[in-house]
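Colleague: with the sequence up front, the predicted model follows.
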Amino acid sequence: MAGDVRIGLITGGATGIGAAIARRFVQAKEKVVICDVDVDRGEKLVAEIGNSARFCNLDVADETQVNQTVDKVFADFGRIDFLINNAGINNDKLLIRMNREDWDRVLQVNLTGTFLVTKAVVKYMMKQRYGKIVNIASVIGLIGNFGQTNYAASKAGIIAFTKSCAKEFASRKINVNAVAPGFIETRMTESIPEEIRQNYFKLIPVGRFGDPLDVANVVFFLTSDEASYITGQTICVDGGMVMQ
Ligand code: NAI
């Protein structure tokens with residue numbers, strides 16, 4: 001693919017880490033399809049980025065919508081080179097207070113959504129004998145956390161899913177990796193009170209929360225030719241918080 005303009009999907013790309021990933025690919029002159037349930041933010045971002053980006057209103061947990069969207073992207077562009085499974089939600093509460101819906105929705109969006117979009121995209125990548133998939137996990141999927149049993153289980157699931165996909169698709173020249181961010185400055189972390197923030201800083205050797213671009217740069221690298229001998233890995237982007 002060296003020298004060609006690539007095209008790929010970024011789920012949850014309307015804001016936060018996903019938006020930074022979209023900007024990073026466009027900066028490298030690639031084309032991105034931003035898939036998100038947040039139509040306002042998604043359309044604003046695409047208007048800002050210009051012709052290299054397209055927005056699709058997509059709930060990654062809806063199998064019919066996922067298949068229709070992916071088939072349309074392939075029909076329009078003739079290939080799908082990369083997929084960034086970034087859409088994710090949390091709904092934090094202690095296990096004792098967590099009901100079935102709290103559990104199910106987080107698993108459906110984070111883990112089942114990753115499965116559905118990957119399955120829809122990988123059939124095209126297999127035919128192309130080229131593809132780069134990066135799944136956004138979390139360090140919480142490695143170490144667990146109070147109040148995040150649902151989220152931690154979904155992210156640990158993504159890490160195991162990544163390894164299995166890497167084994168299934170390596171012979172088709174498809175790389176599948178995960179990135180596990182630590183604390184990154186986005187909507188997901190903005191409500192953390194200052195006092196708790198200061199306590200977290202003590203656990204992060206670099207001494208700060210990360211910027212979405214810190215994650216985007218690693219995601220972009222994992223889709224590059226320079227990373228073609230890396231597959232099935234989970235790369236922590238966390239200022240040294242979790243050392244594997
Ligand atoms: P965010 O809340 O700013 O962005 C998440 C995006 O996903 C939003 O645009 C949202 O509309 C979209 N989304 C939610 N449900 C969706 C669905 N069903 N279908 C399609 N899109 C959907 O959060 P942030 O921080 O940018 O998170 C991005 C990813 O990074 C998530 O998977 C999150 O779990 C992960 N992450 C974030 C960390 C952080 O500190 N911010 C740390 C570790 C992982």
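Modeller: Nice, I can see it.
Colleague: what's the neighbour count on Gln27?
Modeller: Gln27 has 12 neighbours, counted by other C-beta atoms under 10 Å. Backbone N, C-alpha and C define where each C-beta goes, glycine included.
Colleague: for Asp36, see how far away it is.
Modeller: Distance, Gln27 to Asp36, by C-beta to C-beta, to the nearest Å: 20 Å.
Colleague: residues in contact with the residue most central in space within the chain?
Modeller: The C-alpha lying nearest the average C-alpha coordinate of the chain belongs to Asn86 (C-alpha atoms, centre = their mean; 2.1 Å). By C-beta atoms under 8 Å, 6 or more residues apart in numbering, Asn86 lies in contact with 10-13, 17-18, 21, 136.
Colleague: again, only using 10 Å
Modeller: 9-13, 16-22, 35-36, 60, 114, 134-136, 179, 215-216, 219 (C-beta atoms under 10 Å, 6 or more residues apart in numbering).
Colleague: cool, Ile10 as well?
Modeller: 17-22, 24-25, 32-36, 53, 82-87, 134, 136, 216, 219.
Colleague: which residue, neighbours along the chain excluded, lies closest to it?
Modeller: Leaving aside its sequence neighbours, Ile10 sits nearest to Ile84 (C-beta to C-beta, 6 or more residues apart in numbering; 4.5 Å).
Colleague: surely that neighbour is in contact with Val176?
Modeller: No: counting by C-beta atoms under 10 Å, Ile84 stays clear of Val176, with 11.5 Å between them.
Colleague: which neighbours do these two have in common?
Modeller: 132-135, 222.
Colleague: what is the nearest of those residues to the ligand?
Modeller: Ranked by distance to the ligand (C-beta to the nearest ligand atom), these are led by Asn135 at 8.8 Å.
Colleague: for Gly141, see how far away that closest one is.
Modeller: To Gly141, Asn135 is 10 Å away according to C-beta to C-beta.
Colleague: so which residues on the chain come close to the ligand?
Modeller: 11-12, 14-18, 36-38, 58-61, 86-89, 109, 113, 136, 138, 181, 183-184, 186-189 (C-beta under 6 Å from any ligand atom).
Colleague: ok, of these, which come out buried?
Modeller: Among those, those buried by neighbour count (16 or more other C-beta atoms under 10 Å) are 11-12, 14-18, 36-38, 58-61, 86-89, 109, 113, 136, 138, 181, 183-184, 186, 188-189.
Colleague: that concludes my questions; thank you for your assistance.
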